[in-house]
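Engineer: The sequence and its predicted three-dimensional model are supplied below.
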Amino acid sequence: MPHHEDSAHIEAHFESSDLVRDIVIGMADGLTVPFALAAGLSGVGASTHVVVIAGLAEIAAGSIAMGLGGYLASRGDSEHYASERRREAREIVERTRDEEEEIYEIFEEYGVTREESDPVLQALKRNPKAWVDFMMRFELGLQEPEVHRARQSAATIAFSYVIGGLVPLVPYMLLADNMHALVASVVITMLALTAFGAAKGRATGAGILRSGLQTVSIGGAAAAAAFLLARLFHSH
């Protein structure tokens, strides 16, 4: 006799894409920009004290700028959603027939005939809010942003930037010799970039190895460019 599972079917889907996006934006820039700045200053022989002061100033300015950018972007998303929702609410009243045709067209994309989708349309017409919700999701591909999303995004990006930015500066805080601090900063930051990239790849399903190598390559290239350009300009 076949065995039947009584437990409910549970699907595990990743649903924190906005949070991960904000962490990735803040952490990636936080690890890369101060690292490149420190490498560039080291390239012209700046003392570890100067590197730390400049790095902390950059972290402060960068975290504020990045956080503000995240706030404005999220506010823009919320305002766009609200504007489109108001438009859809008007259209189901003023252009009812056009909106009905759009419902049919949406279902036809999934292989559902007009006769089969008509009961769904009639049900939506009895519930205008659900009709608007449906059009926002399936016609425009928009989902309502979370409440307080803008402030949460700003705080997450800014905090992630600060955490990431402190990593390459730690060796300069602990070591007096500039070049020793640079070597230690390179090692620590590369490890941090690898771990961060791998964690991002695992969370998003992009692949641990691929994401880790990609993140390290970008961060390393930025720091190497800053170091070489600083040496080049300094020599002239």
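Structural biologist: Right, received. Where do you want to start? Numbers count the residues shown, from 1 in each chain.
Engineer: use CA for all of it now, contacts and neighbours both
Structural biologist: OK.
Engineer: Which residue comes closest to Ser185 once chain neighbours are left out?
Structural biologist: Pro168 (5.0 Å; C-alpha to C-alpha, 6 or more residues apart in numbering).
Engineer: Does the one you found touch Met190 like I think?
Structural biologist: No - using C-alpha atoms under 8 Å, Pro168 makes no contact with Met190, being 9.2 Å away.
Engineer: who has more neighbours, those two?
Structural biologist: Applying other C-alpha atoms under 10 Å to Pro168 and Met190 shows that Pro168 carries more neighbours, namely 31 against 22.
Engineer: what comes up buried for whichever strand or helix holds Val20?
Structural biologist: Element membership of Val20 [criterion: DSSP states H and E] is helix 17-43. Of the residues in helix 17-43, those buried under the neighbour-count criterion (16 or more other C-alpha atoms under 10 Å) are 20-43.
Engineer: how about the helices of this protein, start to end?
Structural biologist: According to DSSP state H, the chain carries its helices in the segments 17-43, 48-94, 96-108, 114-125, 128-134, 149-166, 170-174, 178-204, 208-235.
Engineer: so how far is Asp18 from Ala73?
Structural biologist: The spacing between Ala73 and Asp18, counted by C-alpha to C-alpha, to the nearest Å, is 12 Å.
Engineer: Repeat that for Tyr104.
Structural biologist: Distance, Tyr104 to Asp18, using C-alpha to C-alpha: 31 Å.
Engineer: same question, Trp131
Structural biologist: 26 Å.
Engineer: can you check Gly201 too?
Structural biologist: The span separating Gly201 from Asp18 equals 15 Å under the rule C-alpha to C-alpha.
Engineer: Could you list which residues are in contact with Ser47?
Structural biologist: In this structure, Ser47 makes contact with Ala176, Asp177, Asn178, judged by C-alpha atoms under 8 Å, 6 or more residues apart in numbering.
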